[in-house]
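Participant: Have a look; sequence and predicted model below, questions after that.
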Amino acid sequence: PDIRLTAAFGRCGPEGLTAFLSPGDLAGLSVEGVQAEVGLTGSRARTVTAVARAFEGGLILDPDQDPVIARAELLAIPGVGPWTAECLAVRVLRDPDAFPAGDLVLRRALGGITTAEAAAMSVRWKPWRAYALFHLWTARLVQIHEHGSLDLFRLMQAALANPWIRAAYVAGILSATFHL
């Protein structure tokens, strides 16, 4: 949606580039306008504008922030649920214990278990559940690759460009090598 939002509502930036909307600009858009121009469902368009209003109102997501408080602030936004809050905790807050137990790829990597089962299983990995998450996502990529449905090399190359995934990958190699 970010590319579609920018194409529909972005502002002219330097050198002919289109600049993404500020939270205030995005918060000022109508839900119907976002829905029509970007092609989102009404529910998702309401969530996008609600998130923009939250940022316009002072919401800050920063790695130095208390992740418990940040999650509570995110979950207070209409349309933001546990999966979104946990994924943002992993990616933006860099919380090493964030764990989106409802993530479909994660649950498939764990054998197709339920969200509750994934959450219960993850307790033993505290306070490093985000690292387990990266290993499980990687394991699922390997499972998919073994069935010949994707180019694992290209996916791993793209994934390892992310410093968190790269750190988790290196930690996994060290763990396996030294039986940690």
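Facilitator: Looks like it came in fine. Numbering: from 1, shown residues only.
Participant: From residue 138, how far off is residue 48?
Facilitator: When Cβ to Cβ, to the nearest Å is applied, the distance between residue 48 and residue 138 equals 30 Å. C-beta: built from backbone N, CA, C; applies to glycine.
Participant: quick one, what contacts the residue nearest to residue 102 when sequence neighbours are not counted?
Facilitator: Leaving aside its sequence neighbours, residue 102 sits nearest to residue 115 (Cβ to Cβ, 6 or more residues apart in numbering; 4.2 Å). If you count contacts by Cβ atoms under 8 Å, 6 or more residues apart in numbering, residue 115 has them with 101-102, 107.
Participant: likewise residue 46?
Facilitator: The contact partners of residue 46, taken as Cβ under 8 Å, 6+ apart, are 31, 78-79.
Participant: Buried ones only from the residues you listed, please, as a PyMOL command.
Facilitator: One line in PyMOL is enough to select the buried members of the contacts of residue 46, burial here meaning 16 or more other Cβ atoms under 10 Å:
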select buried, resi 31
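Participant: Just name the closest of the contacts of residue 46 to residue 6, please.
Facilitator: residue 31 (18.0 Å; Cβ to Cβ).
Participant: So that closest one versus residue 40, what's the distance?
Facilitator: The span separating residue 31 from residue 40 equals 9 Å under the rule Cβ to Cβ.
Participant: And for residue 131?
Facilitator: For residue 131, the distance to residue 40 (Cβ to Cβ) stands at 33 Å.
Participant: is it true that residue 10 touches residue 19?
Facilitator: Yes. Applying Cβ atoms under 8 Å, one finds residue 10 in contact with residue 19, separated by 5.7 Å.
Participant: Counting neighbours, go ahead and name the busier of those two.
Facilitator: It is residue 10, of residue 10 and residue 19, that has more neighbours when counted by other Cβ atoms under 10 Å, with 16 against 12.
Participant: which residue packs closest to the more buried one, ignoring adjacent ones?
Facilitator: Distance criterion Cβ to Cβ, 6+ apart; nearest residue to residue 10, sequence neighbours excluded, is residue 18 at 4.0 Å.
Participant: hang on, the one you found packs against residue 9?
Facilitator: No. The pair residue 18 and residue 9 fails to qualify as a contact (Cβ under 8 Å) at a distance of 9.5 Å.
Participant: Those two: who's more crowded?
Facilitator: For residue 18 versus residue 9, neighbours defined as other Cβ under 10 Å are more numerous around residue 9 (18 against 13).
Participant: give the contact list for the more buried one.
Facilitator: With contact set as Cβ under 8 Å, 6+ apart, residue 9 has these partners: 21, 25-26, 29, 37.
Participant: And these, which of them are buried?
Facilitator: In the contacts of residue 9, burial by neighbour count holds for 21, 26, 29, 37, counting by 16+ other Cβ under 10 Å.
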